Every structure is written in structure tokens, then in C-alpha cells.
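> Got a sequence here, can you build the structure:
(one chain, ligands or ions: 1)
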Amino acid sequence: MKVDYIIVGLGLAGLAFAEELEKNQKSFVVYEDNSQNSSIVAGGMYNPVILKRFTPVWNAVKQLKTAIPFYKNLEKKFTNKYNYSIDIYRIFKSIEEQNNWFVACDKPLLTNFMFPKIIETKITGVIANYGFGKLINTGRIDTNSLLQDYRKYLLKKKIIENESFDYTQLKISKKTIKYKKVKALKIVFCEGFGMINNPFFNYLPMQEAKGELITIYAPTLNIDFLIKAAVFVLPLGNNYYKIGATFNWKDKTKEPTPNGKQELLVKLNSFITVPYTIVNHTAGIRPTVKDRRPLVGKHPTYQNLAILNGLGTRGVMIAPTIANELYNHLENGLELDKEISIARFGYF
Ligand SMILES: Cc1cc2nc3c(=O)[nH]c(=O)nc-3n(C[C@H](O)[C@H](O)[C@H](O)COP(=O)(O)OP(=O)(O)OC[C@H]3O[C@@H](n4cnc5c(N)ncnc54)[C@H](O)[C@@H]3O)c2cc1C
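A predicted model of the protein is given here:
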């Protein structure tokens, strides 16, 4: 089999790069082993405001301009819905936070997203003594459905192998690479936290963060917006809500833990007073990087090996933009932005 590209990993990064290749009529084959599931369990929210400090997320407004049409196209491609507009209500903890909100509302980058009034509405079952700050033009991508549809699509085209990529079998020459029976011009690694097993790129400083989420059923909590306090309460419809997420920098396993669940429940119970039952508990490892920027670029020695990783906590917004930038770098020789290029780490 001869292809232009091999992609290793089909999370949000692999999917975004596969879409770039399709757009440009390049052939490819994907290897996926289900060893990581960050993209599958993710809350899937997109929001360009850091909810702790009310400051802009790095490049987010620009990334959204690429991301929203990208997901809209996928909705058309698979005639399915993935993008749900959802406002965010941030519970204020103090008068000081309310004041900080108004200051942030005036920042030119954020005016389209931050509603310049305090929401005083009482919501049954929600403790919010200082009211809410409301974010608009935000939403959620149903990453789980999207990835399921995408895998089915690749399976139908017979261009996905459900197996673990074996790095020792990769034969690299100047112009081509060979992997088992596949000959390709280039390979792009999109393994998320799985990068730590990749001998070509595991010198890069990933500082992964495990996250756990629970799903609850709360029949008397009637909200169609996300509430953010100590944790987020994300409406999924029919009185189901995703609650998350924890941040754990020590635990490298992707399994949910009793401690993670306990932490989520204590935080949830600090502001939600209606009864609920837990119906699901999941976990994943976010591929975050020491400097909180993506990992994009060619291998310093082998120019036909590349990486698309480091999507961190905001893969939904970042993936389409950096996939496009990597494609233009590999195919059209465009320079990568220094902030995302792995050249910033040198080579050890
Ligand atoms: C709890 C939680 C909540 C989150 N919430 C949000 C959110 O609300 N909004 C947001 O934007 N982001 C969120 N994120 C972050 C987001 O999930 C990540 O940024 C993004 O999913 C990373 O995508 P990825 O493709 O780089 O990695 P992954 O999703 O980890 O994908 C990597 C893929 O590579 C495969 N793989 C790895 N090694 C190999 C191998 N050797 N052979 C074959 N296949 C391999 C894995 O099985 C996996 O499918 C959240 C993450 C977590 C954990």
C-alpha cells in the first residue's frame, strides 16, 4: 500500500490532520489502538475566556474563527450534530470578582463573549450569593460522537488500522518511510499522552494532567447553560449533566478513581443542592506541555517525521488551526509560529 501520509492516533489532533489531508486530496492511513481517550471523555467546551482570572485564552478568538466552520463542515459531512451553543454562567465568589468581571468586559478581545451585566436570577438548587457572570458565543463539541463517526468513516474507506503503532518497525529513508506493508512519504504522530512511548519525540517536555469527570442525572435541575464554580456543570440534555473536571499531575493511569469521584462530589455539593444520581465516571489524560503551548513540527533529524500534539486543556479550539499550520509547513514550506514549533525545545 502506498500513501502520502501515515497518521498515528485518532483523537482530535489526528482527526484535524486527517481532515487537512482530505481537503488537499492526499492519501493516508491511520493507526489507532484506543490506548488514550482524552478526546473521547473531554467536556468538549470551547470558550475563549479563562474563567479563573477573566483573561483571554492564548490565541483563542483567532482559533475559534477556524474551529467553528471546521466543526460545521463535519456536521455536513456526516449529517450529524456536534456543535451545541451553550452559554456559561460563572458563579461569582465575591464583590471583587464582580468588579473584575466588568473590567474584563471592556477588553476588546472579550467584548463579544462577556455579557456586561451581573445575572441576579435565582436558580433552583444552585447557590450563587453574588450572582453570575454570563459568557455568550461559547459552546460544546460532542467529541465522542464526532470521533465515533470519524472512525466509522475511515473504517468504511479501509484506511484505519485498529492496532498499536510499533515504532521499532518504522524504516526511515530520506524521501520515504516504510511501516510494515505501507510505504508513505511522511508520518504524523498524534498520540496525545501516548507520545511518551514514541522514541522519536519523547524528549519533548509533556507535563500531562489527568482529568476525571462524572455524569449525573438531576431531574429537578433545569438549566440549559453551563454553570462554572469549583467544578463545571455541563448540560447534556434530558436532565443529564457532565461534572468536571479534576486536575492530577501525578497519576498517569487513565482509569477513574474513588479519590477523583470524591473530589468532584465535594466540589459539586458546595453549590448544587438538588438531588442527583451518578450515572457515569470517566477519566483521561490531557496532553499538556510545560509551557502550555502545542507541540508541532518536524523531527530535527528525520524531516519526514512530524508531530501534532500538546493540545492541553483546549483541544477543541486549537486542533483545527494547528493541523492547518502543520500541513502548510510540511507541504508548502511555510514557517511555523515560534510559539508552537517544537524547535523551541532544541534537541537532546
Ligand atoms: C477530563 C477532561 C476534560 C476535558 N475537557 C475539555 C474541554 O472541555 N474542551 C477542550 O477543548 N478540551 C478538553 N479536554 C482536553 C482535550 O481532550 C485534549 O486537548 C485533546 O483531546 C487531545 O487530543 P489528542 O488527539 O492530542 O490526544 P488523545 O485524545 O489522547 O488522542 C490520541 C490518540 O492516539 C492514540 N494512540 C496513542 N498512542 C498510540 C499508538 N502507539 N498506536 C496507535 N494509537 C495510539 C490513542 O489511543 C488516542 O486515541 C479535556 C480533557 C480531559 C481529560
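
> Excluding residues flanking it in the chain, which one is nearest N83?
Nearest non-adjacent residue to N83, counting by Cβ to Cβ, 6 or more residues apart in numbering: Y71, 4.7 Å away. C-beta coordinates here come from the backbone N, C-alpha and C atoms, glycine included.

> quick one: pLDDT of the one you found?
At Y71, the model reports a pLDDT of 98.

> so which strand or helix has it?
helix 60-78 (DSSP states H and E).

> Could you do I285 as well?
If you go by DSSP H and E, I285 is part of strand 277-286.

> Equivalent analysis for N259, please.
Counting by DSSP H and E, N259 is part of helix 258-269.

> mind saving the C-alpha coords of stretch 24-38 as CSV?
Extracted C-alpha coordinates of stretch 24-38, given in CSV (Å, rounded to 0.1, in the frame of the first residue of the first chain):
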residue,chain,number,x,y,z
ASN,A,24,-6.0,18.6,-0.1
GLN,A,25,-6.6,15.2,-1.8
LYS,A,26,-3.7,13.5,0.0
SER,A,27,-4.0,9.8,0.7
PHE,A,28,-3.4,8.4,4.2
VAL,A,29,-3.8,5.6,6.6
VAL,A,30,-4.4,5.9,10.4
TYR,A,31,-3.2,3.7,13.2
GLU,A,32,-5.3,3.8,16.4
ASP,A,33,-5.1,1.5,19.4
ASN,A,34,-7.5,3.1,22.0
SER,A,35,-4.7,3.4,24.5
GLN,A,36,-5.7,7.1,25.2
ASN,A,37,-9.1,8.6,25.5
SER,A,38,-8.7,12.3,26.3
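
> Quick one: distance of that stretch to the chain centre.
On the basis of Cα atoms, centre = their mean, to the nearest Å, stretch 24-38 sits 16 Å off its chain's mean C-alpha point.

> Next: stretch 283-299.
11 Å.

> same deal with stretch 4-13?
Counting by Cα atoms, centre = their mean, stretch 4-13 comes out at 15 Å from the chain centroid.

> Quick check: mean pLDDT of that stretch?
98.

> Buried residues in it, which are they?
5-13 (16 or more other Cβ atoms under 10 Å).

> do it and the ligand meet at all?
Yes: counting by Cβ under 6 Å from any ligand atom, the ligand is contacted by stretch 4-13 at 8-13.

> Max pairwise distance over these: which two?
Of all pairs drawn from those, the greatest distance, 14.2 Å, lies between V8 and L12 (Cβ to Cβ).

> Contacts for the strand holding I285 next, please.
36-42, 192-193, 208-217, 240, 252-257, 260-261, 311-313 (Cβ atoms under 8 Å, 6 or more residues apart in numbering).

> Could you tell me the angle between it and helix 258-269?
Orientation note: strand 277-286 sits at an angle of 120 degrees relative to helix 258-269 (axes from the mean of the first three to the mean of the last three Cα atoms, to 10 degrees).

> Contact partners for T257?
Counting by Cβ under 8 Å, 6+ apart, T257 touches 212, 251, 283.

> Quick check: of those, which has the highest neighbour count?
E212 (25 neighbours; other Cβ atoms under 10 Å).

> List the residues that contact the most centrally placed residue in the chain.
Nearest residue to the geometric centre of the chain (Cα atoms, centre = their mean): G315, 2.4 Å. Contact analysis of G315 by Cβ under 8 Å, 6+ apart lists 11-13, 38-39, 42.

> closest to the ligand among the residues you listed?
Within the contacts of G315, proximity to the ligand (Cβ to the nearest ligand atom) peaks at G11, which comes in at 2.2 Å.
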